[in-house]
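Visitor: structure here, sequence nowhere to be found:
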C-alpha cells in the first residue's frame, strides 16, 4: 500500500509541475509586459497600412506613440474575448499617445471584418493581413498574437494567445510614462 501511495504522490507532483509549467509558459509574456520585466526590445517593422474603413496609417502618424499591433481573426474565440477590453484600454489612453492596430487574418475580406467590428463596437484601426505584413512580424502562427511597441519604435513584448486587458493597461501605462529612449519622462 505504501508503495502505491508513493507512486500516486509522485504522479500527482508531476502533474502539478506540468500544469504550473504550462500556465507559467502561457502567462509569462503577459505578466512580464504588465510588470515591465524581460521582453524583446527589437526594432519594429515600419507600418504602412490602409484600414478596413479606408484610412491610411503611415509611419509619421504612428511615430512617438505606444502601439499594440494585434493579429486576430473573426473566427478566433480568444480574439473575440479580448477585443472589447482592448477597445476600453485604447479609448482611455489614446489621448496620451496609445494606438491599437488590429490586423485581421480573415479570408472573408474587408466587408466581413467591417461588419464584425461594427456589430461589436470596435472602433480602433483595423487593417487586413497580407503576406508582407505577416513576414515583417515573423509570420504569427498563433491567434491572437500581440506586439507591444514603445514610443521609440521597438517591440518590447510579444504575447501569443489571450492578452488580458488589465495586463495590457498596466503595460501601456508604463510605456506611456517612458520617454522615446525608454527612460521615464520627467514629471
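Guide: Received it, and whenever you're ready, just let me know what you need. The structure displayed is predicted, hence computed values, not measured ones.

Visitor: what residue ranges in this structure score low on pLDDT?
Guide: 1, 11, 13, 15-35, 37, 179-187 (pLDDT under 70).

Visitor: now do the strands in it.
Guide: For the chain, the strands defined by DSSP state E cover 42-43, 49-50, 56-57, 66-72, 98-104, 126-128, 145-149, 154-160.

Visitor: in a markdown table, list those strands along with mean neighbour count.
Guide: Heads up, the C-betas are built off the backbone N, CA and C, glycines and all. Shown next, in a markdown table, are the strands of the chain (neighbours: other C-beta atoms under 10 Å):
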| stretch | mean neighbour count |
| --- | --- |
| strand 42-43 | 12 |
| strand 49-50 | 16 |
| strand 56-57 | 14 |
| strand 66-72 | 25 |
| strand 98-104 | 23 |
| strand 126-128 | 21 |
| strand 145-149 | 24 |
| strand 154-160 | 21 |
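
Visitor: save those strands as CSV, and put in distance to residue 176 too.
Guide: Compiled in CSV, the strands of the chain are given as follows (distance: least, C-beta to C-beta, whole Å):
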stretch, distance to residue 176
strand 42-43, 20
strand 49-50, 22
strand 56-57, 19
strand 66-72, 5
strand 98-104, 6
strand 126-128, 22
strand 145-149, 11
strand 154-160, 12
